[in-house]
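Participant: just the structure for this:
(one chain, ligands or ions: 1)
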Amino acid sequence: MNTVDAVVVGAGFSGLYLSHRLTEEGFSVRGFEAGGDVGGTWYWNRYPGARCDIESVQYSFQFSPELQQEWTWSERYASQPELLAYIEHVADRFDLRRHFTFDTRIDRARFDDVSHRWVVETSGGETIGARFLLLGVGVLSTTLTPDFVDLDRYRGRTFHTGRWPHEPVDFGGKRVGVIGTGSSGIQSIPILAEQAEQLHVFQRTPNYVVPAHNRPLEPDEVAAVKADYDGLRAQAWARPTGFLFPFNPGSIHDVDADERRARLDRQWEIGGLPFLGAFGDVLTDLEANRMVADYWAERVREVVDDPAVADLLIPDGDIFGGKRLCAGTGYYETYNRDNVTLVDVSGAGIERFTPNGLVAGGRKYELDAIVFATGFDALTGSVVAIDLAGPDGTTMADRWSNGTDTLLGLSVSGFPNLFNLQGPGSPGVFVTMVTGIEHQTDWIVDCLAWMRSRDLTRCEATAEAEQRWVAEVANAATRSLRPTVDSWYSGANVAGKHRGFMPYIGGFPAYRQACHDVAANNYRGYVFG
Ligand code: N01
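Facilitator: You can find the predicted model right below:
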């Protein structure tokens, strides 16, 4: 059996930076990636309209000043092709593909408590010994297709936004159905509407969508960022989200109606996620949240021609931003098109599929193609998909069946020498992903180097330290309205999944401080052997 210092799973942002840092530090690495190439999320999510909702100049690596200077983003919010090109450029520039075996999954891993190594089995039939097992498997990568009645009888083409084909898909002259109106649905619907002859959108729950106001980046804007990239990054690191945007910490209750309106108008013009930054209490105070939702509804009604359609598109009292806020381009305008029909499936839902389409609300819809924009088994799905067991034989699937306990989101007691990036207990999904990944990777690699310098071969989070972090994660959750909402943050979108708010919502600076405190105190909360 070949042995290495670390097996890295996944060749997205996490796996690539892990492989770079580890090899720079002199650790031997084998990486495995289920996809055919690097890219992770941006390799799989090729659906029309896919793009990031964090400004590109911030949704990018910062570990290399040279990389920051030589790469030039063309749009405020980069499209999937540009993001994938960036990731491929990073892989080429730092020669990272050589660490990875593609089209290969990790099926099984067992920790051998004698050699202090993981024994890792791949779908390619290889068995590798690894001192450390490092998971960069993605938090939104295990796709969900609901168990619709008679789906197997449907004869048209089906697509999932999270597993979009690599070859172009021609929807010209086709009757297309989209199921799901989360971020993936709302990004793809306007483009599909332009391509298809007829588009039916099957909506179970309306979402809050704010205009992204995407646009090309001007050369002088890019030059200004590059002139002081470090300054931008430093300011971003000090923010709870790890990225910089205009944010007003003041309360909505402290301003009069005119000032409130003016500020909401200003933030609306900025667009995208920063709209949540109009006032400091949008996500903490119910009344503030409702005022913002009312403003938002007014803006949507200005766009949608048919008031009955607008009624369907406007959530009925849901927490604004409780589910991940969607940033769209021409989303509501799409419902003014003659070839687009919104179908409310909030009642009986989609009843069944037929060979030629589906039945909803007692009505038959004939569809040549159906796009499932139905989301992911978030945060845990891709971890528990691996048959992963610690020394006492407990699998991760069992361990997390009643709650996703972790220490710092990185470690799980009973699973030595294992680190998981951006999963439950991490702030990842509330922090710009790339920044969060770089921070966690640096922390992990520093820990491994610290162990090596002391000839230590085994590290494990203690159950006590883990429980303290679980309490901290729960405590932070009490300060936000988000955990009061059923969403993928709490596992509510997956039938039978344990319900509990999984991410750490205490902010990036507090998280970094917690990680720093552990490391500065000889990795307090871990036992070493
Ligand atoms: O998935 P979702 P997503 N019948 O879970 C519906 C990130 N992301 O892929 O709300 C009918 O949000 C479901 O309805 P309901 C981002 O973090 C980012 O869109 O459960 N409908 C919902 O409308 C995002 O939050 C970007 O009632 C059914 C939809 O499917 C996360 O990924 C772009 C159904 C699922 O929405 C996930 O987004 C894309 C059923 N049986 C994704 N089952 C950026 O902009 C489910 N639905 C960066």
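Participant: show me where pLDDT drops low in the stretch 101-250 of the chain?
Facilitator: Within the stretch 101-250 of the chain, not a single segment meets pLDDT under 70.
Participant: most proximal residue of it with respect to the ligand?
Facilitator: G182 (2.3 Å; C-beta to the nearest ligand atom). To be clear about C-beta, it is placed using only N, CA and C from the backbone, and glycine gets the same treatment.
Participant: the residue nearest to that residue when sequence neighbours are not counted: what's it in contact with?
Facilitator: Residue nearest to G182 in three dimensions, not counting chain neighbours: G375, with 5.7 Å by C-beta to C-beta, 6 or more residues apart in numbering. Residues near G375 by C-beta atoms under 8 Å, 6 or more residues apart in numbering: 140, 143-144, 162, 180, 182, 184, 488, 493.
Participant: please apply the same query to I189.
Facilitator: Going by C-beta under 8 Å, 6+ apart, I189 touches 49, 178, 181, 199, 201, 331, 334, 340.
Participant: picking that back up, export the contacts of G375 as a markdown table, with columns for secondary structure.
Facilitator: Below are the contacts of G375 laid out as a markdown table (DSSP: H, G, I helix; E, B strand; the rest coil):
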| residue | secondary structure |
| --- | --- |
| L140 | coil |
| T143 | strand |
| L144 | coil |
| G162 | helix |
| G180 | coil |
| G182 | coil |
| S184 | helix |
| W488 | helix |
| N493 | coil |
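Participant: let's have these in JSON lines, adding neighbour count.
Facilitator: Formatted as JSON lines, the contacts of G375 follow (neighbours: other C-beta atoms under 10 Å):
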{"residue": "L140", "neighbour count": "24"}
{"residue": "T143", "neighbour count": "18"}
{"residue": "L144", "neighbour count": "19"}
{"residue": "G162", "neighbour count": "24"}
{"residue": "G180", "neighbour count": "25"}
{"residue": "G182", "neighbour count": "21"}
{"residue": "S184", "neighbour count": "27"}
{"residue": "W488", "neighbour count": "23"}
{"residue": "N493", "neighbour count": "19"}
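Participant: just name the closest of those to W268, please.
Facilitator: The shortest gap between W268 and any of the contacts of G375 belongs to G182, at 21.2 Å (C-beta to C-beta).
Participant: what residues does the stretch 301-450 of the chain have near the ligand?
Facilitator: Selection of the stretch 301-450 of the chain residues close to the ligand by C-beta under 6 Å from any ligand atom yields 324, 327, 345, 349-350, 373-376.
Participant: quick one: buried ones out of these?
Facilitator: With burial judged by 16 or more other C-beta atoms under 10 Å, the buried subset of these is 324, 327, 345, 350, 373-376.
Participant: how about these, which pair is most distant?
Facilitator: Pairwise distances across those peak at 26.6 Å for A327 and I350 (criterion: C-beta to C-beta).
Participant: how about the strands in the stretch 201-350 of the chain?
Facilitator: For the stretch 201-350 of the chain, the strands defined by DSSP state E, counting those that start in this stretch occupy 209-211, 326-328, 340-344, 350-354.
Participant: could you list every helix and strand in contact with the first one?
Facilitator: Using 3 or more C-beta pairs under 8 Å, 6 or more residues apart in numbering; DSSP states H and E as the contact definition, the elements that strand 209-211 packs against are strand 326-328, helix 331-334.
Participant: okay, now the domains of this protein?
Facilitator: When the chain is parsed into structural domains using automatic domain parsing, the resulting residue ranges are 2-142+377-524, 175-372.
Participant: low pLDDT regions in the stretch 401-529 of the chain?
Facilitator: Along the stretch 401-529 of the chain, no part satisfies pLDDT under 70.
Participant: enumerate the positions of the longest helix seen in the chain that are buried.
Facilitator: When the chain is parsed with DSSP state H, its longest helix is helix 433-453. Within helix 433-453, the residues scored as buried using 16+ other C-beta under 10 Å are 433-441, 443-445, 447-448, 451.
Participant: spell out which residues of the stretch 101-250 of the chain are next to the ligand.
Facilitator: Selection of the stretch 101-250 of the chain residues close to the ligand by C-beta under 6 Å from any ligand atom yields 140, 146, 161, 179-185, 187, 202, 204-205.
Participant: which two in those are spaced the farthest apart?
Facilitator: Across these, no pair lies farther apart than L140 and F202, at 21.1 Å, counting by C-beta to C-beta.
Participant: returning to that earlier point: what packs against the longest helix of the chain?
Facilitator: Packing partners of helix 433-453 (3+ C-beta pairs under 8 Å, 6+ apart): helix 13-24, helix 508-520.
Participant: next helix or strand past the last one?
Facilitator: With elements assigned by DSSP states H and E, the helix or strand that comes after helix 508-520 is strand 526-528.
Participant: picking up where we left off before, which one of the buried ones among the residues of the stretch 301-450 of the chain next to the ligand is nearest the ligand?
Facilitator: G375 (2.6 Å).
Participant: that closest one and W488, how far apart?
Facilitator: 6 Å (C-beta to C-beta, to the nearest Å).
Participant: what's the overlap in contacts for the two?
Facilitator: Common contact partners of G375 and W488 (C-beta under 8 Å, 6+ apart): L140.
Participant: quick one, which of the helices and strands packed on helix 433-453 is nearest to S64?
Facilitator: Nearest of the helices and strands packed on helix 433-453 (C-beta to C-beta): helix 13-24, 9.0 Å.
Participant: same question for that closest one: list its buried residues.
Facilitator: 13-23.
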